[in-house]
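Colleague: sequence and predicted structure, then a few things I'm wondering about:
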Amino acid sequence: MNKSAPVVEIRDLHKHFAGVQVLRGINLKVERGQTVSVLGSSGSGKSTMLRCINWLEVPDGGEIYIGGDRMGIKGEQAKAMSNRELAAMRARTAMVFQGFNLWPHLTVLQNVTEAPIHVLGVSRKEANDHAVELLEKVGLSHKHDAYPWSLSGGQRQRVAIARALAMNPEVILFDEPTSALDPELVGEVLAVMRSLAEDGFTMVIVTHEMEFARAVSNEVVFIEKGQIIERAAPEKFFTNSDSERVRQFLGRYRTTTA
Amino acid sequence: MNAIEMLWDNLGVFAEGLQNTLILFCVSSVFAFILACCIAFLLEGQENIPRRLLRAVIDLMRMLPFLIFLYLLYYGLPNLGISLDVWAAGFIALITYHGAYFAEILRAARTSLPAGQAEAAYAHGFINATMYWRILLPQMVMRSGPLFGNQLVCLLKDTAFLSIITLMDLTAAASAVQAKYFVPLPPFILVIALYWSITLIVEALLRRLARRAQKRGLVHE
Amino acid sequence: MNSSDWITLLYAAWTTVWVCGISIILGIILGLVVAMLRAAKIPVISQVLAVYVSLIRATPMVTLVLFLFVIAPSMGWEVDARVVAIAAMTINTTAFNAEIWRSALTSFSREQLEAAKAAGMTTGLTLRRIMLPQMLTTSLPGLVNEMSLLVKSSPAIAMIGIVDLTRVTNRIAAVTYDPLPPILAAGLLYLLIIGGLVRFQRIADSRAKRLAM
């Protein structure tokens, strides 16, 4: 791991699905400790870009680097990484999904300790202690032995965040983390994410929550039809964007929340 | 004597076996199905003692092995003065045993029908029986397609048990030919291939029926 | 029917139980192996297994048992009737279990697999810690149903001389000339065995429902 390299670097990323070109040359650098929000309309390619970072989608062109190391491809001959090598690279990142994707046969505590024990080889005691700390941080200390089915959506997502943190990742990737939640439950999840940003975690967040993006990000990125058409600090993005398309997008947002 | 010659020379035995198996299968399937529809109709309506008893009998039969039931009819009934020949015992056993299974399938389909169906029929002035046979039952049958297919295959396989009480079915044919020459492989391979073929044909027919049902909007995939 | 007949009956019931029991256990494990091999899509093996599953599911137990029994000597195999019985029932139940496991494998939640991938788990780890525990729970009702189907077709082994709970009725009747009581008694014992399995299936069903969240 190269301490001075950007945590995530994306160069000229291309991806198509069944003949439809979804990503047409994305370039992005995420430095350590930054929170980057990714906005765009549905179908713009923002989730696809996020999922390429940890190789859940395999790019058709371009390069991805995690902490300076090439993701998904290795060596001089640019051969595809084996499943084992991919797993090792993925262990350096963490992802929080729209659908939470908790493992239902494990308790809350077990969900958080599962990967550290079996992927990182951490001892059970250490993993448990860390998990207890993290669950307290996300406000679920009283739910250690509960199973996912007994939790609300907001609680499940907070467990998912604790699970992500347990891997001590270099970057946390959020794929529309609150889109599947009832409105009353969105706040508790955003509060946790905000505290993570304040603690200095490196985060890439694909979201529709404008207020949140404005308040918490260091940088806002707007993707439209597979390309980044605006990248700016939150204040500039939300009040004085250079792009007509962004102003149009925000205009719609402003009307609905006015 | 090679395999083909052996099979050819005994074609009569295999033909008889196949014929008997098919007669048992087809006749029993039809009557078991009719019986099941009648049972399901009898079960329709308010909960009372006869209905509870009927359901208990169905559950009981589904927990017994087919052969024991056959034994009961063929060896046990003579005790009570009723003597059945192999064919009678075979038909009654297959029809009532699998009738119970078909009835269970229909019962499950009945509970999955939206309550509005019966209500709409009553509102239009249908009387009980007509409503049941023309509106509820067709839907119950269409919804259970694959389950009926499975059960039919079970019925086919249970016909083989009749070879134990000396009915000359396909399995008995294989056994007879093999006993004649002590070369077991060819006759059994032929017979297993025939069972397999019948199964594939039945499944294909059911798929075609299912497609026709779908076209008329009776089934939603 | 006197008490010594009852003892004979119970002993035969035990024979049915242990012969079926071994076949059930072997069949569940081998069924999983077959399902996983088919999921791995290995060129020739997948097709062979597909044919095996389809063929055996269409073959009556009686035919299969008889078939294995008569070809055993010419193949140079063990001719012990009990071995043949277990082999036949295992071959049969494996095919059915393979379909049950296969359905669980292909319908497994892709979202959970993505979460495991994203957390850096290898395929082996994911299979062992995430998939199998849940697949076992969701497949259990189907597997138990297949167990009771196996017991219901087990009388086929009476054909090759094993004194199971069905053949024993012939034995007893041969002495007492009164077939009805032993048949009824055997029926009762079968009811108890299969009733126990049905009970087990209901419990398995409710546990499986909870996992579905």
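Modeller: In hand now; what should we look at? Remember, it's a predicted structure, so these values are computed and weren't measured experimentally. Numbers count the residues shown, from 1 in each chain, chains lettered A, B, ... in the order given.
Colleague: following the longest helix seen in chain B, which helix or strand comes up?
Modeller: Identified as the longest helix of chain B according to DSSP state H is helix B:11-43. Going down the chain from helix B:11-43, the next helix or strand is helix B:49-62, by DSSP states H and E.
Colleague: tell me the secondary structure at A:Met95.
Modeller: When classified by DSSP: H, G, I helix; E, B strand; the rest coil, A:Met95 comes out as strand.
Colleague: so it bridges to which residues?
Modeller: A:Leu173 (DSSP bridges).
Colleague: who's in contact with the residue in the stretch 151-258 of chain A that chain C sits nearest to?
Modeller: Distance from chain C to each residue of the stretch 151-258 of chain A (CB to the nearest CB) is smallest for A:Met167, at 6.4 Å. No exception for glycine: its C-beta is placed from N, CA and C like everyone else's. A:Met167 makes contacts with A:Ala91, A:Ala94, A:Ala115, A:Pro116, A:Val119, A:Leu120, C:Ala119, C:Gly120, as judged by CB atoms under 8 Å, 6 or more residues apart in numbering or on different chains.
Colleague: SS state for the last one?
Modeller: Same thing as C:Gly120. What three-state DSSP gives for C:Gly120 is coil.
Colleague: what residues does chain B have near chain C?
Modeller: When proximity is defined by CB under 8 Å from any CB of the partner chain, chain B lies next to chain C at B:60, B:63-69, B:71-72, B:75-76, B:78-80, B:153, B:156-161, B:163-164, B:170-171, B:174-175, B:178, B:183-185, B:188, B:191-192, B:195-196, B:198-200.
Colleague: quick one: contacts for the residue in chain C positioned nearest to chain A?
Modeller: Residue of chain C nearest chain A, by CB to the nearest CB: C:Gly120 (2.8 Å). Applying CB under 8 Å, 6+ apart, one finds that C:Gly120 lies in contact with A:Ala87, A:Ala88, A:Met89, A:Arg90, A:Ala91, A:Arg92, A:Ala115, A:Val119, A:Leu120, A:Met167.
Colleague: give me the pLDDT for the residue lying closest to it once chain neighbours are set aside.
Modeller: Nearest in space to C:Gly120, with sequence neighbours left out and distances taken as CB to CB, 6 or more residues apart in numbering or on different chains, is A:Ala91 at 2.8 Å. The model reports A:Ala91 with a pLDDT of 92.
Colleague: list the residues that contact A:Ala91.
Modeller: By CB under 8 Å, 6+ apart, the contact set of A:Ala91 is A:Ala115, A:Val119, A:Leu120, A:Met167, C:Ala119, C:Gly120.
Colleague: run the last query once more with 7 Å
Modeller: Residues near A:Ala91 by CB atoms under 7 Å, 6 or more residues apart in numbering or on different chains: A:Val119, A:Leu120, A:Met167, C:Gly120.
Colleague: count of neighbours near whichever residue of the stretch 151-258 of chain A sits closest to chain B?
Modeller: Proximity of the stretch 151-258 of chain A to chain B (CB to the nearest CB) peaks at A:Ala180, 26.0 Å away. If you count neighbours by other CB atoms under 10 Å in any protein chain shown, A:Ala180 ends up with 15.
Colleague: now the host helix or strand of B:Arg212: average pLDDT?
Modeller: Element membership for B:Arg212 (DSSP H and E) is helix B:185-215. Computed over helix B:185-215, the mean pLDDT rounds to 89.
Colleague: show me what it is packed up against.
Modeller: When contacts are defined as 3 or more CB pairs under 7 Å, 6 or more residues apart in numbering or on different chains; DSSP states H and E, helix B:185-215 sits against helix B:3-9, helix B:145-159, helix B:170-181, helix C:43-58, helix C:61-75.
Colleague: what do you get if the cut-off is 6 Å, keeping everything else the same?
Modeller: When contacts are defined as 3 or more CB pairs under 6 Å, 6 or more residues apart in numbering or on different chains; DSSP states H and E, helix B:185-215 sits against helix B:3-9, helix B:145-159, helix B:170-181, helix C:43-58.
Colleague: show me which helix runs longest in chain C.
Modeller: The longest helix of chain C (DSSP H) is helix C:3-39.
Colleague: touching chain B at all, that helix?
Modeller: No: against chain B, helix C:3-39 shows no contacts by CB under 6 Å from any CB of the partner chain, the least distance being 9.5 Å.
Colleague: strands of the stretch 1-150 of chain A, start to end?
Modeller: A:8-17, A:20-30, A:35-39, A:61-66, A:69-70, A:73-74, A:79-80, A:93-96 (DSSP state E, counting those that start in this stretch).
Colleague: pairing partners for the fifth one, with directions?
Modeller: Taking DSSP bridges as the criterion, strand A:69-70 forms sheet pairs with strand A:61-66 (antiparallel).
Colleague: now tell me what touches the strand it pairs with from outside.
Modeller: Strand A:61-66 is contacted by residues A:Glu9, A:Ile10, A:Arg11, A:Asp12, A:Leu13, A:His14, A:Ile53, A:Met71, A:Arg92 when judged by CB atoms under 6 Å, 6 or more residues apart in numbering or on different chains.
Colleague: closest to chain C among those residues?
Modeller: Closest to chain C out of these is A:Arg92 (7.6 Å), distances taken as CB to the nearest CB.
Colleague: if we ignore the residues flanking it in sequence, what's nearest the closest one?
Modeller: Closest to A:Arg92 by CB to CB, 6+ apart is A:Glu170, at 5.1 Å.
Colleague: can you name the residue of the stretch 1-150 of chain A nearest to chain C?
Modeller: For the stretch 1-150 of chain A and chain C, the shortest gap (CB to the nearest CB) falls at A:Ala91, measuring 2.8 Å.
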